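**Q** Please work out how this folds:
(chains A and B)
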There are 2 protein chains.
Amino acid sequence: MSPMSNHRARSSSPSSDQPTRRDLLVGAAVAAVAASAARHARAEGAARPVAVASANGLEAVRRAVERMAAGVAPVDAAVDGVAIVEADPEDVTVGLGGLPNADGVVQLDACCMDGPTMRAGAVAALEGFRHPARVALEVMRRTTRVLLVGEGAARFARSIGLPEEDLLTERARKIWLYWKANMSDRDDWVEFPGQVDDPDVAWYIAKYGVIRPTGTINLCAVDAAGNIGGTTSTSGLAFKMPGRVGDSPVIGAGLYVDNEVGAAGSTGRGESVIEVAGAHTAVELMRGGASPTDACLGALRRIVSATRVPALLDDRGRPNFDVKFYAVNRVGEVGSAAMWSGGKFAVCRAGGEPELLDCAHVYEKV
Amino acid sequence: MSPMSNHRARSSSPSSDQPTRRDLLVGAAVAAVAASAARHARAEGAARPVAVASANGLEAVRRAVERMAAGVAPVDAAVDGVAIVEADPEDVTVGLGGLPNADGVVQLDACCMDGPTMRAGAVAALEGFRHPARVALEVMRRTTRVLLVGEGAARFARSIGLPEEDLLTERARKIWLYWKANMSDRDDWVEFPGQVDDPDVAWYIAKYGVIRPTGTINLCAVDAAGNIGGTTSTSGLAFKMPGRVGDSPVIGAGLYVDNEVGAAGSTGRGESVIEVAGAHTAVELMRGGASPTDACLGALRRIVSATRVPALLDDRGRPNFDVKFYAVNRVGEVGSAAMWSGGKFAVCRAGGEPELLDCAHVYEKV
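**A** Below you'll find the predicted structure:
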């Protein structure tokens, strides 16, 4: 999730030649073949139930598989799983304790999709409710609609009796104030003595540096019968423009489920995922016969091809940000791929322990 | 756009046999072959610039083609075109004069996408600005983001100096109050003497009956060089739950543009379009070689297949609502298809007059 490492890779790249698009695609293919994660995931077979998630979902996939083993539908199991991370104040990119927008307000986005009915639910820019994926599920179940945003989403959550609370933890507030102090020399906020010595601020600086985190949890689940569900939940890009919504609540971008094919979701730079309809692209590639890993790599290649704004490219013409896709097909094979090497994803199967596997990748960090 | 006619079709269908999925697909294929609109659109060649839009975009396509002929980029030309409809208080489904949400507040949704850069912009649940497509364009141009919603979207529009105004016309208010009076016997509002004799209310009843309109304008444009842009703009489903957002501002659902392939957009029941990532599906089908008309029919077939909730099916298992897709490929061929027969779409080419053509369709209204 840290584009900083991409910038580091830039300066130490073994070759400074500008790659052609063909080079990029060949590189991606090589990366795909070399990806031990993909081989591992397929070699271990396709035992179901199975859940695949972003790396922060290690406990979430365990819970989702437990729920499915107990007969819970995949979409409900997925929402139950991510609730662990939504409620965890230590994860500053999802739910309670998520980093706020530029105004210091936590605005959450989430969606879910149920394969058997092909119904979806979603909320965006939701304030005051720590479990946006649950709210999305309730939109799907209680209304004829899919997406509620802003105050309307909060009114809905309030009306069904979900507990309302301030989601801004003191830790997230301190990190936000550090961002405000260091954002610009042309405004009135400055760093005060000792500000960076605060443990929470020091932790943030060590983990993210000057990069605004885009963390998110995506979880897709397939039950023993081959039914599929998924969810994506996030607090969005840290310090975002108020009202900004990324790919997480956008069906087809941050999540897509087709009960006859499989499911896919994403984390990372959401705008780039929206602009290629990333999760839907991955599902379409699986529909055409691609493995989950190859489907994720194919969606990433679309992002490589669609990234044309110079500010988003490094000096070798590569996207200077990270995106990861996660996918599972209906038989239970899983896969994941990231724009840059070094990524992990979480998988759990019936009767097994959750584990972190290596994502395939398009570009090698050097 | 009127599902009422579908209900009429139900009672007078020549056969009451429940169709199998295969029957439906065969029926769609027959409809595609029979669609004179498709033949017409392809037969007249692919002169560019060209613009294709929903039927309410007859003047919009003219303006878009004029703009492109004058050198304006397709995405700007598209946004300029739909501005005619957004500013027209007579169209109660878009912009100024759009029917409000259940609270009587007009909330607008729109997006745009620029093929050459593959960048997109979007706003949802925007209050107080009559040209949401223009706001979406400014999000694309002035920020690193794609989607702004709710109060954040309004703040952005306000900050760049766009004029703020109350978009609820007296006509729309009277129609909303008529809806409130007739929505339920279990609330406190009742129809007052003479309410339905008001010309605005009588017009509404004659045009829409008890159906809540879902009108929208979608416009996709290809310039002489083959560059592509598009936009979709709406006031959304009439009397919607506050904060409800349909497919119009969802990149991949209500609009998708790929400069190497073509563009597609939609109008009609937005949730059903979101659940199949409709516009992206149509573009993917064109990428695979389908004509614009066949791509639109293919996206509709996905909706047929994904519509599984009994309340959305008629007694023959057919979707009891309408959706229309509009598409253009990079060489300038256009097409459109609707779930139900009788639909029209608007096309204009360089040097020609705008015209309304027949949409292909999946099901024949009897």
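**Q** doesn't A:V79 make contact with A:R63?
**A** No: assessed by C-beta atoms under 8 Å, A:R63 is found out of contact with A:V79, at 10.3 Å. Backbone N, C-alpha and C define where each C-beta goes, glycine included.
**Q** Which one of these two is surrounded by more residues?
**A** Ranked by neighbour count (other C-beta atoms under 10 Å in any protein chain shown), A:R63 and A:V79 place A:V79 first, with 33 against 21.
**Q** Next up, phi/psi of the more buried one, please.
**A** Torsion angles at A:V79 (phi, psi; degrees, to the nearest 10) stand at phi -60, psi -40.
**Q** And the helices in the stretch 51-200 of chain A?
**A** Assigned by DSSP state H, counting those that start in this stretch, the stretch 51-200 of chain A shows helices spanning A:58-69, A:74-86, A:132-142, A:150-159, A:170-182, A:199-208.
**Q** Remind me what the second one packs against, helices and strands.
**A** So the one you mean is helix A:74-86. In terms of contacts (3 or more C-beta pairs under 8 Å, 6 or more residues apart in numbering or on different chains; DSSP states H and E), helix A:74-86 is packed against strand A:50-54, helix A:58-69, strand A:108-114, helix A:132-142, strand A:217-222, strand A:228-234.
**Q** The first one too?
**A** Applying 3+ C-beta pairs under 8 Å, 6+ apart, one finds that helix A:58-69 makes contact with strand A:50-54, helix A:74-86, strand A:217-222, strand A:344-349.
**Q** which other helices and strands contact the shortest one?
**A** Yep, that's strand A:50-54 we're talking about. Judged by 3+ C-beta pairs under 8 Å, 6+ apart, the packing partners of strand A:50-54 are helix A:58-69, helix A:74-86, strand A:217-222, strand A:323-329, strand A:334-340, strand A:344-349.
**Q** List the buried residues in the first one.
**A** Within helix A:58-69, the residues scored as buried using 16 or more other C-beta atoms under 10 Å in any protein chain shown are A:58-68.
**Q** go on, the fifth one?
**A** Burial within strand A:334-340, assessed by neighbour count using 16+ other C-beta under 10 Å, is assigned to A:334-340.
**Q** Equivalent analysis for the third one, please.
**A** Taking 16+ other C-beta under 10 Å as the basis for neighbour counts, the residues of strand A:217-222 that come out buried are A:217-222.
**Q** Just the CA trace of it, in PDB.
**A** Taking Å, rounded to 0.1, in the frame of the first residue of the first chain, the C-alpha atoms of strand A:217-222 are listed here in PDB:
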ATOM      1  CA  ILE A 217     -10.400  -4.300   3.600                       C
ATOM      2  CA  ASN A 218     -11.900  -6.400   0.800                       C
ATOM      3  CA  LEU A 219     -13.100  -9.900   1.500                       C
ATOM      4  CA  CYS A 220     -14.700 -12.300  -0.900                       C
ATOM      5  CA  ALA A 221     -16.100 -15.600   0.200                       C
ATOM      6  CA  VAL A 222     -17.400 -18.900  -1.400                       C
END
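**Q** Specify the angle between it and strand A:344-349 in degrees.
**A** Orientation check (axes from the mean of the first three to the mean of the last three C-alpha atoms, to 10 degrees): strand A:217-222 against strand A:344-349 gives 30 degrees.
**Q** Strand A:217-222 pairs with which strands, and in what direction?
**A** strand A:50-54 (antiparallel), strand A:228-234 (antiparallel) (DSSP bridges).
**Q** starting at the chain centroid, how far to that strand?
**A** 10 Å (C-alpha atoms, centre = their mean, to the nearest Å).
**Q** Around chain B, which positions in the stretch 151-300 of chain A sit nearby?
**A** Neighbours of chain B within the stretch 151-300 of chain A, by C-beta under 8 Å from any C-beta of the partner chain: A:151-153, A:155-156, A:240-246, A:250-253, A:256, A:270-271, A:274-277, A:280-281, A:284.
**Q** repeat that for 6 Å
**A** A:152-153, A:242-245, A:250-252, A:271, A:274-275, A:277, A:280, A:284 (C-beta under 6 Å from any C-beta of the partner chain).
**Q** Of those residues, which belong to strands?
**A** Here DSSP state E is the test, and these give A:244-245 as lying in strands.
**Q** picking that back up, deepest-packed of the helices of the stretch 51-200 of chain A, please.
**A** Of all these, helix A:74-86 carries the top mean neighbour count, a mean of 28, counting by mean count of other C-beta atoms under 10 Å in any protein chain shown.
**Q** what about that one, distance to the chain center?
**A** That offset, for helix A:74-86, works out to 14 Å (C-alpha atoms, centre = their mean).
**Q** likewise stretch A:141-148?
**A** Averaging C-alpha positions (C-alpha atoms, centre = their mean) puts stretch A:141-148 22 Å from its chain's average.
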